[in-house]
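> Sequence and predicted structure are below.
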Number of protein chains: 2
Amino acid sequence: MADTPPLFKTITIVGPGLIGSSILRRARQTDTIAQKLIAADCQEAVLHRVTALNIADETTTDLIAAAAQSDLVILCIPTGAIRAVAATILPHMKPGSILSDVASVRSNLGPEIHALLPEGVSYVPAHPMAGTEYSGPDAGFATLFEDRWTLLIPPPGTAPEAIALMEAFWHRCGARTRQMTDQYHDQVCAIVSHLPHLLAFTICNTADRLSADLQTDVLEYAASGFRDFTRIAASDPIMWRDIFLTNKDVLLATFKRFEEDAHRMVKAIQEDDSEAIMQNLQRGRHIRRGLMPEPQN
Amino acid sequence: MADTPPLFKTITIVGPGLIGSSILRRARQTDTIAQKLIAADCQEAVLHRVTALNIADETTTDLIAAAAQSDLVILCIPTGAIRAVAATILPHMKPGSILSDVASVRSNLGPEIHALLPEGVSYVPAHPMAGTEYSGPDAGFATLFEDRWTLLIPPPGTAPEAIALMEAFWHRCGARTRQMTDQYHDQVCAIVSHLPHLLAFTICNTADRLSADLQTDVLEYAASGFRDFTRIAASDPIMWRDIFLTNKDVLLATFKRFEEDAHRMVKAIQEDDSEAIMQNLQRGRHIRRGLMPEPQN
């Protein structure tokens, strides 16, 4: 695509962590995303890593100056900090520019930030459904979004050109995109991401208490099943606290449904109801097969 | 180790599935485990795959004849079938030979099978803490046990030479070994394997019900967290039904502890108790770091 012009002249990534630095790496690898890449962060140490990794053209702690010269600003910061940072930089953004974020929960962010927009500035948040348990500028990689969904959640009334531009941006990052409402987004994420994390963090605590009781480290014997859980539970705690609190109502309602299902399974085991157990087990297996093709036969 | 003599003359693997066929592959790859490998199964189709894969010297549906000529018989069959098969073949096993199994739950298997042993035959069950979500002779691989724990659970009074021989066997399969009591084994496995599987199967059911309610497939958007869960939930349902029923008491007690911890987390979220949430999250992260070294700073 040597002849494809870049989508943006100047992009600022605020918070070049796992997601932010992966966007920078991807944009560095291709000429079709932006001419100039700015990494902005309030921590000098983070910016030093970005410079050492050579994944941005410019680094700065001056978010306002960076935002003022950018055609696209993406906030890749904890969900709890987005509203305040958006309120700080929005008055300085130029007409025709786009503000975005990669928040894992919408709640009321959409309408709240929409209300702050200066004339001619669009807000097109997008949530890439990708991640690892690592964080910081060193954790990113250019293919993080490859073949993953990025969910676009523009507030009602957003300019269609701005939405189309952000769709093109994420396609060039390797992702598939889908537009949805804030409410639908938060329900989908509660079941496919937030609840699994809540359970994973919890089982680590249970294992820890049990180890203390048995005066031995049961985790030494962790089999593959448990390792998958602890991988999830190793994720950034501040990010997950913000997610749990911001999506509280949907998450707790989803937990309640999960608990009902768990009780049904526990009851079947308690009562030696072999048939009910098999029904529950086979549904899980069936769902998995729908998600991924079998690697053999 | 070209000069190391093989540990056994003839080994029979009953049930050459994921675990059994991995043992066969490993023994095929090295001359230090056995001179002759027999694969026994009640299903001809399974034996045809073993022959096609060329991972045994002989295949048979005659378990008794195979056991009668073997120095070691390992039952790699569902936990619920072990007692009956052991009772069938034990009277035909020769003095000095060893019976083993790879059951994921002990419960009363140890004392029950110990009581059936003919003079001179030893029972040294061993549970390799390794596996994937796939099953059958095609699913195995020679390195499945590499650097994994294999837990030995010989009944009290077992001949020390037989235990030492089985330890050597598993070391040559690549595993580390540890001896423990039946009760300790079942508690360790309840937390590191059985409970994670119960939760994974359950969350797949919850997602399924939710998809039906929303009239859409929320699982289309599965992020990495959920994929780890569904990988677990894709495991063989018959095997897991047997495990849940055989380890019922310990599993349900462990679930109860998990549920208490989950309620503590839910309460912290409900009450916006940021500090309590962080405490729970950081413990999970800490445990994970204890399990695996960080790949990056």
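All right, it came through fine.

> which element is A:Thr254 on?
Following DSSP states H and E, one finds A:Thr254 within helix A:248-270.

> That helix relative to helix B:248-270, how many degrees between them?
Angular relation of helix A:248-270 and helix B:248-270 on a 0 to 180 degree scale: 170 degrees, by axes from the mean of the first three to the mean of the last three CA atoms, to 10 degrees.

> Are there helices or strands packed against helix A:248-270, and which ones?
Contact analysis of helix A:248-270 by 3 or more CB pairs under 8 Å, 6 or more residues apart in numbering or on different chains; DSSP states H and E lists helix A:182-189, helix A:195-214, helix A:274-291, helix B:195-214, helix B:248-270 as its packing neighbours. Where you see a C-beta, it was placed from the backbone N, CA and C, and this is true even at glycine.

> Just the residues contacting that helix, thanks.
By CB atoms under 8 Å, 6 or more residues apart in numbering or on different chains, the list of residues contacting helix A:248-270 from outside reads A:186-187, A:190-191, A:194-195, A:198-199, A:244, A:273, A:276-277, A:280, B:198-199, B:201-203, B:205-206, B:209-210, B:244-245, B:248, B:251-252, B:255, B:259, B:262, B:266, B:269-270, B:272.

> Which parts of it count as buried, going by neighbours?
A:248, A:250-252, A:254-255, A:257-259, A:261-262, A:265-266, A:268-269 (16 or more other CB atoms under 10 Å in any protein chain shown).

> quick one, it and helix A:182-189 angle?
Using the same axes, to 10 degrees, helix A:248-270 lies at 30 degrees relative to helix A:182-189.

> Any chance of a PyMOL selection covering the buried ones in the contacts of helix A:248-270?
Applied in PyMOL, the following selects the buried portion of the contacts of helix A:248-270 according to 16+ other CB under 10 Å:
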select buried, (chain A and resi 186+187+190+191+194+195+198+199+244+273+276+277+280) or (chain B and resi 198+199+201+202+203+205+206+210+244+245+248+251+252+255+259+262+266+269)
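
> quick one on the thing from earlier: got the angle between the helix holding A:Thr254 and helix A:195-214?
With the same axes, to 10 degrees as the criterion, the two stretches helix A:248-270 and helix A:195-214 enclose an angle of 60 degrees.

> need the strands for the stretch 51-200 of chain A, in chain order.
Along the stretch 51-200 of chain A, the stretches classed as strands by DSSP state E, counting those that start in this stretch are A:58-60, A:72-75, A:98-101, A:122-123, A:126-128, A:149-152, A:176-179.

> and of the ones you listed, who's closest to B:Ser135?
With respect to B:Ser135, and counting by CB to CB, the nearest of the strands of the stretch 51-200 of chain A is strand A:149-152 at 30.2 Å.

> Give the other helices and strands that the helix or strand of chain A with the lowest mean pLDDT contacts.
The least trusted helix or strand in chain A, going by mean pLDDT, DSSP states H and E, turns out to be helix A:224-233, with a mean of 70. Contact here means 3+ CB pairs under 8 Å, 6+ apart; on that basis helix A:224-233 packs against helix A:195-214, helix B:195-214, helix B:224-233, helix B:274-291.

> any idea which helix or strand comes after it?
On the C-terminal side of helix A:224-233, the nearest following helix or strand under DSSP H and E is helix A:237-246.

> quick check: mean pLDDT across that following helix?
Averaging pLDDT along helix A:237-246 yields 90.

> which helices and strands sit right next to that helix?
For helix A:237-246, where contacts count as 3+ CB pairs under 8 Å, 6+ apart, the packed elements are helix A:195-214, helix B:274-291.

> Next one: A:Asn108, what pLDDT does it get?
A:Asn108 is assigned a predicted lDDT (pLDDT) of 93.

> Now do the contacts for the residue lying closest to it once chain neighbours are set aside.
The shortest distance from A:Asn108 to any non-neighbouring residue, by CB to CB, 6 or more residues apart in numbering or on different chains, is to A:Asp182 (7.9 Å). Applying CB under 8 Å, 6+ apart, we find A:Asp182 in contact with A:106-110, A:153.

> Between which two of the residues you listed is the distance greatest?
Farthest apart among the contacts of A:Asp182 by CB to CB are A:Asn108 and A:Ile153. That separation is 11.9 Å.

> Which of those two has more residues huddled nearby?
Taking other CB atoms under 10 Å in any protein chain shown, A:Asn108 and A:Ile153 do not tie; A:Ile153 has more neighbours (24 against 10).

> which residues does the more buried one contact?
Shown in contact with A:Ile153 (CB under 8 Å, 6+ apart): A:106, A:110, A:125-127, A:179-182, A:185.

> A:Ala126 versus that one, what's the distance?
7 Å (CB to CB, to the nearest Å).

> Run through the bridge partners of the closest residue to A:Ile11 other than its chain neighbours.
Nearest-residue entry for A:Ile11: A:Ala34, 4.2 Å, with adjacent residues in sequence omitted and distances by CB to CB, 6+ apart. Beta-bridge partners recorded for A:Ala34 (DSSP bridges): A:Phe8.

> Now do the contacts for A:Ala34.
Contact partners of A:Ala34, counting by CB under 8 Å, 6+ apart, are A:6-11, A:27, A:72.

> measure it to B:Val102 for me?
Relative to B:Val102, and taking CB to CB, A:Ala34 is found at 55 Å.

> residues from the stretch 51-200 of chain A in reach of chain B?
A:129-134, A:138-139, A:148-149, A:151, A:178, A:184, A:187-189, A:191-193, A:195-200 (CB under 8 Å from any CB of the partner chain).

> Could I have the PyMOL command that selects the buried members from those?
Under the burial definition 16+ other CB under 10 Å, those of these that qualify are selected in PyMOL by:
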select buried, chain A and resi 129+130+131+132+133+134+138+139+148+149+151+178+184+187+188+189+191+192+193+195+196+197+198+199+200
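
> re the thing from before, and the residue nearest to A:Ile11, how close does it get to A:Ala168?
Using CB to CB, one obtains 12 Å as the distance from A:Ala34 to A:Ala168.

> and the gap between the nearest residue to A:Pro91 once chain neighbours are set aside and B:Val73?
Leaving out its chain neighbours, the residue that sits closest to A:Pro91 by CB to CB, 6+ apart is A:Pro118, at 6.2 Å. If you measure A:Pro118 against B:Val73 using CB to CB, the figure is 78 Å.

> can you tell me which of the helices and strands packed on helix A:224-233 the model trusts least?
Across the helices and strands packed on helix A:224-233, the lowest-scoring stretch is helix B:224-233, with a mean of 71.

> could I get it in PDB with only the CA atoms?
Below are the C-alpha coordinates for helix B:224-233, written out as PDB (Å, rounded to 0.1, in the frame of the first residue of the first chain):
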ATOM      1  CA  SER B 224      -8.500 -13.100  25.700                       C
ATOM      2  CA  GLY B 225      -9.800 -13.500  29.200                       C
ATOM      3  CA  PHE B 226     -12.800 -15.400  28.100                       C
ATOM      4  CA  ARG B 227     -10.900 -17.500  25.600                       C
ATOM      5  CA  ASP B 228      -8.800 -18.900  28.400                       C
ATOM      6  CA  PHE B 229     -12.000 -19.900  30.200                       C
ATOM      7  CA  THR B 230     -13.500 -21.600  27.200                       C
ATOM      8  CA  ARG B 231     -10.200 -23.400  26.500                       C
ATOM      9  CA  ILE B 232     -10.600 -25.000  29.900                       C
ATOM     10  CA  ALA B 233     -14.300 -25.700  29.300                       C
END
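
> Which segments of chain A make up each domain?
Domain assignment for chain A, taken from automatic domain parsing, gives A:8-180, A:184-289.

> who wins for proximity to B:Val50 among these?
When the domains of chain A are ranked by proximity to B:Val50, the top entry is domain A:184-289, at 24.1 Å, counting by CB to CB.

> starting at the chain centroid, how far to the closest one?
In terms of CA atoms, centre = their mean, to the nearest Å, the centre of domain A:184-289 is set 19 Å apart from its chain centre.

> Please apply the same query to stretch A:148-157.
Using CA atoms, centre = their mean, the mean C-alpha position of stretch A:148-157 is found 13 Å from that of the whole chain.
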